[in-house]
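Student: Need coordinates for the following:
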Amino acid sequence: MATWSGWVAQFMSAGKFPNTSGIQKWLDEWSTHNTAPCKNNPIDLSRTRTGSKNCLKLTSSRTAQDYASHASAAAAFNQQVKSGTFPNLLAVFQSGDYPSPAKLGDVLTDLQVWGAKNFVAYLEQEWGISPGGGGIGGGTVAVPRATKGWDDLRRQVNHGLPTALAKIQKLNRATSTQLARRSKVRR
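Tutor: Residues are numbered from 1 along each chain as shown. Presented below is the predicted three-dimensional model:
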């Protein structure tokens, strides 16, 4: 992905946010699961700046940008996160803490709007939490997603098992036919 040494500190400085180990871990994970491999854009930024160019469509209304410089990307980060559209994500940066599971559901909702599809998928898998739930405005604990395992089991019972049983029955009939033919030949 398009990262450079010191980018986290530069982004945190642009937003006047604390540059803590929790935020560094958060942004490193985000950068690792960046959806858009754009120039000077480590975390799916879509805020346009002078000299930025469209890179990759993130959502129906957001397009990741190639930025002309690191400073331009840091300024875009500051403007985007403080735009009023991402209150839960803004709270993460203001706190300096890696989001707790209780608040992660609403943060994931903000990340979906942001267009960070790969990062959302990673966090859902890592934490078993879907968008929505706790955080600013919600006040409830995000609910772990136990339905995926149930859906897999149900799919196997409803589709995999009948298919396997049909194959077994077909093999049993073929075996019986072969045995019957062989026993007639020996007589």
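
Student: and the longest helix for this protein?
Tutor: Secondary structure of the chain per DSSP state H: the longest helix is helix 161-186.

Student: Counting neighbours, which bits of that helix end up buried?
Tutor: Buried positions in helix 161-186, judged by neighbour count with 16 or more other Cβ atoms under 10 Å: none. Every residue, glycine included, has its C-beta placed from N, CA and C.

Student: How far does it sit from its chain's centre?
Tutor: Here helix 161-186 is found 47 Å from its chain centre; the criterion is Cα atoms, centre = their mean, to the nearest Å.

Student: average pLDDT across it?
Tutor: Helix 161-186 shows a mean pLDDT of 82 in the predicted model.

Student: all strands for this protein, in order.
Tutor: 53-57, 63-66 (DSSP state E).

Student: Show me how the chain divides into domains.
Tutor: Using automatic domain parsing, the domains assigned to the chain come out as 7-127, 146-187.

Student: ok, of these, where does mean pLDDT dip lowest?
Tutor: Among the domains of the chain, domain 146-187 scores lowest, at a mean of 74.

Student: residues near the closest residue to Met12 other than its chain neighbours, how many?
Tutor: Leaving aside its chain neighbours, Met12 sits nearest to Asn19 (4.0 Å; criterion: Cβ to Cβ, 6 or more residues apart in numbering). Number of residues near Asn19 (other Cβ atoms under 10 Å) recorded here: 15.

Student: got a list of what Gln79 touches?
Tutor: Arg47 (Cβ atoms under 8 Å, 6 or more residues apart in numbering).

Student: Phi, psi for the nearest residue to Asp44 once chain neighbours are set aside please.
Tutor: Taking Cβ to Cβ, 6+ apart, and ignoring the residues beside it in sequence, Asp44 has Ala116 as its nearest neighbour in space, at 4.6 Å. Per-residue torsions, Ala116: phi -90, psi 60 (degrees, to the nearest 10).
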